[in-house]
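*Asks:* Prediction below, plus the sequence it came from.
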Amino acid sequence: MKNTIVYALTFILAFIGTTAGIYILNNQYVNMFKFDFRDAAVVEKAIADSLATMSSDSLMVSDSLLVIQENVHKKNELKEHLSETKSELEKAEQEISNKDKQIENLRNRLEQQNDGKYDEWLKSTIKLYEEMAVNKAGELLKTLPEEEARDLIYAMKKKKAAEILSSLDTETVKKLTRAQK
C-alpha cells in the first residue's frame, strides 16, 4: 500500500509540474505547440507596427505600378524590335532563295554545256575506236573508267562493239554490259 501511495503522489506531482510548465511557456512564447518560440510581446508589437504602416503601403503600390508601367513599355519596345527583326529575316531568306535559284540555273547551264562537250568527245572517240584494231580498242577500253567505256560501247555500231567485246575477258564484258543502277 505504501508503494501505491508513493506512485500516485509521484504521478500527481509530475502532472502538476507539466501542466504548470505548459501554462507558463505558452504565455511567454507565441505558440509552444507549433514550436514557435518567439517572444509574444515582440510579436504583438510587430503586429501593431504592421497596421501602422498601411499608409506606407499605398506608396509601395504606386511604386509598383510605376515599375509595371515601365516593364510594359519595355515589353512593347521589345515586340517592335522583334517584328523588325522578323521582317529582316524574311527578306534575307527571300534573298537566299533567289540566290539558290540563280545557282541552280547556272548549274543547269553548265551541265548542258558539259553534256554538249561530252557528246562531241563521245562522237569523235567512237570514230577513233571503230577505226582501231579490235584488240587495241579492247585494251584501251579496259583503261577507261567504267561509265565512259560503257557509253562508248553502247554508242558504237553494233557489229564493231560486238567484235571489241569478244576480244575482252568475260569479267570486263560483264562489267560493261550489266544494267546501270
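*Replies:* Great, that's in hand. What you are looking at is a predicted structure, and each value in this text was computed from that prediction instead of being measured. Residues are numbered from 1 along each chain as shown.

*Asks:* how close does residue 160 get to residue 145?
*Replies:* Distance of residue 160 to residue 145, given as Cβ to Cβ, to the nearest Å: 21 Å. Quick note: C-beta positions are derived from backbone N, CA and C, even for glycine.

*Asks:* With neighbour numbers in mind, choose between these two.
*Replies:* Each of residue 160 and residue 145 has its neighbours counted (other Cβ atoms under 10 Å); residue 160 has more, 17 against 8.

*Asks:* Isn't that one up against residue 128?
*Replies:* No - with contact defined as Cβ atoms under 8 Å, residue 160 does not reach residue 128; the gap is 11.6 Å.

*Asks:* Residue 109: neighbouring residues, count only.
*Replies:* By other Cβ under 10 Å, the residues close to residue 109 number 10.

*Asks:* try the one 3 residues further on
*Replies:* Residue 112 has 10 neighbouring residues, counting by other Cβ under 10 Å.

*Asks:* same thing with residue 168?
*Replies:* 21.

*Asks:* show me what contacts it?
*Replies:* Counting by Cβ atoms under 8 Å, 6 or more residues apart in numbering, residue 168 touches 138, 141-142, 176.

*Asks:* now those as TSV including secondary structure and neighbour count?
*Replies:* What follows is these, written out as TSV (DSSP: H, G, I helix; E, B strand; the rest coil; neighbours: other Cβ atoms under 10 Å):
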residue	secondary structure	neighbour count
138	helix	20
141	helix	22
142	helix	12
176	helix	22
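
*Asks:* of the residues you listed, closest to residue 1?
*Replies:* Using Cβ to Cβ, residue 176 comes nearest to residue 1 of these, at 125.9 Å.
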